[in-house]
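# Need coordinates for the following:
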Amino acid sequence: MNSDRMFELAQALAEAKSRQDVPAALKVLHDDMVLENPAFGTTARGLAENEKVLSRFFASFPDYNVVLQGRANQ
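Presented below is the predicted three-dimensional model:
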């Protein structure tokens, strides 16, 4: 996967999460995705667990917003 495609996916995820659109966020994640969140001490494996985690996160942080600024691979 090239760097432009990776940034495209990161941007799509950021936009979906900013809208708190869980189904759209899940569309850009791999079926076997693992999300580790040291701040909360949680690990979510797979889309079903990540759906639950994202839904709870957005309920806790209703004003969550993501803005990507630049890229490390340029």
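# element containing the residue nearest the centre of the chain?
Nearest to the geometric centre of the chain sits Leu13, at 5.2 Å (CA atoms, centre = their mean). Counting by DSSP states H and E, the element that carries Leu13 is helix 3-18.
# average model confidence for the very next helix or strand once past that helix?
Following helix 3-18 in sequence order, the next helix or strand is helix 22-27 (DSSP H and E). For helix 22-27, mean pLDDT is 96.
# what packs against helix 22-27?
For helix 22-27, the elements it packs on are helix 3-18, helix 46-60, judged by 3 or more CB pairs under 8 Å, 6 or more residues apart in numbering; DSSP states H and E. In this view, the C-beta of every residue, glycine as well, is placed from N, C-alpha and C.
# And the first one, what's buried?
By that I understand helix 3-18. Phe7, Leu13, Ala14, Ala16, Lys17 (16 or more other CB atoms under 10 Å).
# starting at the chain centroid, how far to stretch 36-53?
10 Å (CA atoms, centre = their mean, to the nearest Å).
# Can you tell me the SS state at the closest residue to Glu36 other than its chain neighbours?
Among residues not flanking Glu36 along the chain, Thr43 sits closest, at 4.9 Å (CB to CB, 6 or more residues apart in numbering). Judged by DSSP: H, G, I helix; E, B strand; the rest coil, the three-state class of Thr43 is strand.
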